[in-house]
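Student: based on what follows, work out the 3D shape:
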Amino acid sequence: MRSALAGALSTIYGIAALVVFVLLFLVATILALVVPGLETRRAIVRQLARIALPLLGLRRSVEGLERLPDGSCVVV
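Tutor: Model (predicted):
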């Protein structure tokens, strides 16, 4: 019974996350096509990404910044 409930809740969360992602993706795409200026478009998409995380119940955390070099780097 408990695993069936967990599976159902997981499925509901997955569908909700997909809906949020698709809606924000569509809004970002439309705005990126009509808003002039690369920096403005990037700022809009950045804000939409920041909105998406709390809507999905996700928290940002960063660990190990002291291990990154002072200059440019690519983190994978």
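Student: got a pLDDT number for residue 63?
Tutor: pLDDT recorded at residue 63 is 87.
Student: please apply the same query to residue 37.
Tutor: On the pLDDT scale, residue 37 gets 92.
Student: neighbours of it, how many?
Tutor: Using other CB atoms under 10 Å, residue 37 has 9 other residues around it. Backbone N, C-alpha and C define where each C-beta goes, glycine included.
Student: for residue 71, give its distance to residue 46.
Tutor: Separation of residue 71 from residue 46 (CB to CB, to the nearest Å) stands at 23 Å.
Student: same deal with residue 16?
Tutor: Counting by CB to CB, the gap from residue 16 to residue 46 is 23 Å.
Student: now do residue 64
Tutor: Residue 64 is 23 Å from residue 46, by CB to CB.
Student: repeat for residue 3
Tutor: 39 Å.
Student: quick one: which of the two has more around it?
Tutor: residue 46 (11 against 7).
Student: so what's the gap between whatever helix or strand that one lives in and the chain middle?
Tutor: If you go by DSSP states H and E, residue 46 is part of helix 38-55. Computed by CA atoms, centre = their mean, to the nearest Å, the chain-centroid distance of helix 38-55 equals 9 Å.
Student: pull out the buried positions in that helix.
Tutor: Within helix 38-55, the residues that qualify as buried by neighbour count (16 or more other CB atoms under 10 Å) are 41, 44, 45, 48, 52.
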